[in-house]
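> please work out how this folds:
(one chain, ligands or ions: 1)
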Amino acid sequence: MYLELDGSGPLHGQLTRALKGAMSSGSVHAGMRLPPSRLLARELGVSRNTVLAAYEQLRAEGFLDGRVGSGSFVAPLPQGARKDVGEPATAEPQSRYARRGRRFHDHAKVPGLPIPGVRHAFQYGVPLTHPAITTAWARALSQAAQYTSPFYPMTRGLPALREAVCDYLVRRRGIAATPEDVLIVSGTQQAIALTARVLLDPGERAAIEEPHYFALRTGLLVHGAELYPVSVDEDGLRCEELPQPAPKLVCVTPSHQFPSGAVLSLPRRMALLEYARKHGSWIFEDDYDGEFRYDGKPVPALRSLDDSGRVVYVGSFSKVMFPALRMAYLLMPPSLREDFVNAKWMDDFGCAAIEQAAMAGFISSGAFERHLRRSALTLRERRGILLKGLRACGRGRLEISDSHAGMHLVVWLRNASQAQGDELIEHARSRGLGLYSIAPLFIRPPARAGLLMGFAGLSPTEIEQALATFAESLDAVLPV
Ligand SMILES: Cc1ncc(COP(=O)(O)O)c(C=O)c1O
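A predicted model of the protein is given here:
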């Protein structure tokens with residue numbers, strides 16, 4: 001395979017760019033199988049780890065399909081233009097659900113998708129990937145494949161994985177749960193769908209944070225929920241703004257508010273739990289991004305403070321491993337267990353057993369937490385470089401939100417309108433840098449412009465290169 005590396009930055013980054021270039025030029029086309037890593041490494045004269053890292057990055061960004069070990073296939077289209085939904089709909093929608101789906105969702109306009117043709121991007125939602133985790137996971141998968149029962153798995157999840165999740169939660173998140181509480185689901189997205197089905201009839205209200213995780217908003221709207229946005233400040237959700245009469249469901253990201261990064265303060269946690277108890281509301285706790293904390297004391301999960309059994313807790317493996325896994329765990333309140341397991345059975349009978357067995361082994365062998373510790377160090381370094389660079393080039397024009405966890409920073413452009421923010425994004429794009437506006441994560445976007453800057457997918461050198469372009473664009477669009 002002929003690929004030209006541009007000689008800039010780490011080799012795996014060069015190879016990732018070269019492969020993306022080949023995909024956008026069409027010389028590598030959808031459905032094509034990329035050469036095995038060993039072979040490509042030999043052809044290019046690079047190490048196999050370099051090729052594995054590039055493949056892993058492309059897989060995480062949606063440019064490749066296929067699992068480790070079974071070949072890497074080029075995905076139908078780069079995700080920016082990807083239409084997983086098939087042909088454009090022409091006929092009338094056949095149900096209210098389908099009508100809402102068309103109204104509230106457009107696959108090509110999901111915020112945060114890769115930006116085609118750029119050299120670097122501060123893309124958020126991209127996990128940290130490295131070859132060691134791929135190799136360890138491939139080993140865990142192949143071992144699991146030999147020993148997994150060929151029959152239908154338990155709907156609520158393999159006992160070994162549910163136990164491993166409980167051990168992990170008590171150690172890392174201070175949550176005491178039993179395997180009976182745990183439902184293994186295929187990602188937070190399925191947890192949202194099941195929670196909506198179990199708790200909300202179409203037309204009923206759910207409160208969500210403003211700003212919020214866009215896929216939560218879409219999932220609830222397409223389910224038929226009516227949304228009530230509640231604003232967020234530096235202490236997280238402003239509980240005093242929760243409405244009366246109370247909504248049936250309140251959805252929060254307390255350990256690291258998405259996207260602002262605020263941590264829900266302890267008094268607000270207690271106020272929210274009291275509100276739910278008093279009004280009979282349910283809380284959906286998306287414990288997103290909390291694994292990677294850089295400073296500040298961890299605050300106990302809402303679920304660990306909940307005496308009234310009102311919290312549905314969800315943790316995902318998407319960011320701590322990779323999103324292609326499609327695996328998460330949900331802690332069911334005791335009174336809803338039967339309904340959640342029923343809903344999961346109706347959906348898919350249960351998650352794939354081999355992956356569950358592999359994950360159980362991965363957690364109980366200690367490999368998972370080793371990976372978390374190592375990733376946290378790498379992420380801390382990348383975050384530090386980004387922060388330092390932004391402080392250096394900001395010169396009074398940037399306001400960086402105070403956040404101590406996660407894989408992105410929220411950066412507001414001082415005294416800049418949305419139009420100027422868009423101009424900055426366009427200027428940077430024309431110079432090969434992808435930037436992401438925070439506006440799509442609001443129902444009512446604020447007047448000022450803000451960016452979400454993800455740092456997990458860029459090496460330190462790449463962050464520095466991207467910052468140089470960012471500084472140029474900032475000077476051009478918002479001169480000091
Ligand atoms: C707030 C939030 N929760 C959860 C997730 C993960 O979702 P899933 O587990 O469906 O991959 C994301 C992904 O970006 C997110 O932003």
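
> pull up the residues of the stretch 201-350 of the chain that are close to the ligand.
Contacts of the stretch 201-350 of the chain with the ligand, taken as C-beta under 6 Å from any ligand atom, map to 213, 253, 258, 286, 288, 316, 318, 323, 328. To be clear about C-beta, it is placed using only N, CA and C from the backbone, and glycine gets the same treatment.

> lowest pLDDT pick from those?
Confidence by pLDDT is poorest for Tyr288 among these, given 83.

> re earlier: who wins for neighbours among the residues of the stretch 201-350 of the chain next to the ligand?
Using other C-beta atoms under 10 Å as the neighbour test, these are led by Thr253, with 29 neighbours.

> contact partners for that one?
For Thr253, the contact set (C-beta atoms under 8 Å, 6 or more residues apart in numbering) comprises 209, 212-213, 285-289.

> gap between it and Ala476?
Computed as C-beta to C-beta, to the nearest Å, the Thr253 to Ala476 distance reads 35 Å.

> residue nearest the centroid of the protein?
For the chain, the residue sitting closest to the mean C-alpha position, by C-alpha atoms, centre = their mean, is Gly125 at 4.3 Å.

> how many other residues sit next to the closest residue to that residue other than its chain neighbours?
Using C-beta to C-beta, 6 or more residues apart in numbering and skipping residues adjacent in sequence, the residue nearest Gly125 is Gly112, 5.0 Å away. Gly112 has 19 neighbouring residues, counting by other C-beta under 10 Å.

> pretty sure Gly112 sits against Gly62.
No: counting by C-beta atoms under 8 Å, Gly112 stays clear of Gly62, with 11.1 Å between them.

> surely Pro259 touches Glu209?
No: contact criterion C-beta under 8 Å: Pro259 and Glu209 do not qualify, at 9.5 Å.

> can you tell me the SS state at Ala98?
State at Ala98, reduced to three classes by DSSP: H, G, I helix; E, B strand; the rest coil: helix.

> go on, the one 5 residues further on?
Counting by three-state DSSP, the backbone at Arg103 sits in helix.

> how about the contacts made by Phe317?
Phe317 makes contacts with 325, 327-328, 359, as judged by C-beta under 8 Å, 6+ apart.

> for the residues you listed, which one is nearest the ligand?
Checking the contacts of Phe317 against the ligand with C-beta to the nearest ligand atom, the nearest one is Ala328 at 4.7 Å.

> got the phi/psi numbers for that closest one?
Recorded main-chain torsions at Ala328 are phi -150, psi 170, according to degrees, to the nearest 10.

> Pro445 now?
With angles defined as degrees, to the nearest 10, Pro445 shows backbone torsions of phi -60, psi 140.

> repeat for Pro298
Torsion angles, degrees, to the nearest 10, at Pro298: phi -70, psi 140.

> give me the neighbour count for it.
15.

> just flag the most distant two among the residues of the stretch 201-350 of the chain next to the ligand.
Farthest-apart pair in these is Thr253 and Pro323; separation 16.7 Å (C-beta to C-beta).

> what does the strand or helix carrying Gln189 rub up against?
Per DSSP states H and E, Gln189 falls inside helix 188-199. With contacts defined as C-beta under 8 Å, 6+ apart, helix 188-199 is touched by 183, 185, 206, 215-216, 219-220, 223, 225, 248-249, 282, 284, 286, 288, 312, 314, 316, 318, 328, 330, 336, 339-340, 343-344, 347.

> what mean pLDDT does that helix have?
Average pLDDT, helix 188-199: 98.

> report the distance from that helix to the chain centre.
17 Å (C-alpha atoms, centre = their mean, to the nearest Å).

> could you report the neighbour count for Phe284?
26.

> give me the secondary structure label for it.
Here Phe284 is strand, with the state taken from three-state DSSP.

> from what I can see it touches Val250, true?
Yes: assessed by C-beta under 8 Å, Phe284 is found in contact with Val250 at 7.2 Å.

> how about the longest helix seen in the chain: buried residues?
Ordering each helix of the chain by length in residues (DSSP state H) puts helix 367-394 first. By 16 or more other C-beta atoms under 10 Å, the buried positions in helix 367-394 come out as 367-369, 371, 375-376, 379, 382-383, 385-387, 389-390, 393-394.
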